[in-house]
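**Student:** sequence unknown, structure follows:
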């Protein structure tokens, strides 16, 4: 049990729709990162938030966006869903900085049809 | 962040030690070595990390060579529940770059 919770656990959306995924970070953790994991692959870094500001982004288009709130919880928003967006979406929370542990939630399984 | 190389798969008998190797020859001085594992369709689980000294916790031991170009994760007494994909990651920032990992199969 990592203390990182994600909701919902499963979601089915239609191509072209928009989706919001949520993550509650472990108590005291001010940094949240989001990852996309397609079937059979390792997780791919989407972006990271530190104290409500985005401070790192992977190779994902602008239709992937996020927010972090004052309590450090976070949202991932994906607009104009495509079939290839079907994946397990993971969030990880940490205290930030090298040498610190990042703990993952159980993920949200998104299926785009 | 430096790239890592791991064998795609390994087997281990239950009760024996599992030794998972990782090469990270381009690691730089401020980069840590992290290990995570992922059991089917669950979120990755943090195992251990280190900079240059060997580390041990309740789950595993991490042995880092003196030149820091490779490391070994040791699960001292593997159980069936240790069957998972194990990822070795080198990082200096908060971003974790996952490779393809090592699929460890523990058999009875």
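**Tutor:** Perfect, thanks for sending it. Model, not experiment: these values are computed from the prediction.
**Student:** For the most centrally placed residue in chain A, which non-adjacent residue is closest in space?
**Tutor:** Central residue check for chain A by C-alpha atoms, centre = their mean: the C-alpha nearest the mean position is that of residue A:34, 3.1 Å away. Closest residue to residue A:34 in three dimensions, ignoring its sequence neighbours and counting by C-beta to C-beta, 6 or more residues apart in numbering or on different chains: residue A:46, at 4.3 Å. (Glycine included, C-beta is placed from N, CA and C.)
**Student:** which residues touch stretch B:27-39?
**Tutor:** For stretch B:27-39, the surrounding residues in contact (C-beta atoms under 8 Å, 6 or more residues apart in numbering or on different chains) are A:98-99, A:104, B:1-2, B:20, B:22, B:24, B:44-51, B:60, B:62, B:64, B:68-69, B:71, B:73, B:81-92, B:96, B:98, B:101.
**Student:** Next one: the residue nearest to residue A:34 from chain B, what distance?
**Tutor:** 10 Å (C-beta to the nearest C-beta, to the nearest Å).
**Student:** How about the secondary structure of that residue?
**Tutor:** Using DSSP: H, G, I helix; E, B strand; the rest coil, the secondary structure recorded for residue A:46 is strand.
**Student:** Next: residue B:42.
**Tutor:** Reduced to three states with three-state DSSP, the structure at residue B:42 is coil.
**Student:** My guess is it contacts residue A:106. True?
**Tutor:** Yes. Using C-beta atoms under 8 Å, residue B:42 makes contact with residue A:106 at a distance of 6.0 Å.
**Student:** Which is the succeeding secondary structure element to the lowest-mean-pLDDT helix or strand in chain A?
**Tutor:** Of all regular secondary-structure elements in chain A, judged by mean pLDDT, DSSP states H and E, the least confident is strand A:53-57 with a mean of 91. Remark: after strand A:53-57, the chain's next helix or strand is strand A:64-68, criterion DSSP states H and E.
**Student:** can you list contacts of that next one?
**Tutor:** Judged by C-beta under 8 Å, 6+ apart, the contacts made with strand A:64-68 from elsewhere in the structure are A:32, A:34, A:46-47, A:49-54, A:74-79.
**Student:** Can I have the buried ones of these as a ChimeraX selection?
**Tutor:** Under the burial definition 16 or more other C-beta atoms under 10 Å in any protein chain shown, those of the contacts of strand A:64-68 that qualify are selected in ChimeraX by:
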select /A:32,34,46,47,49,50,74,75,76,78
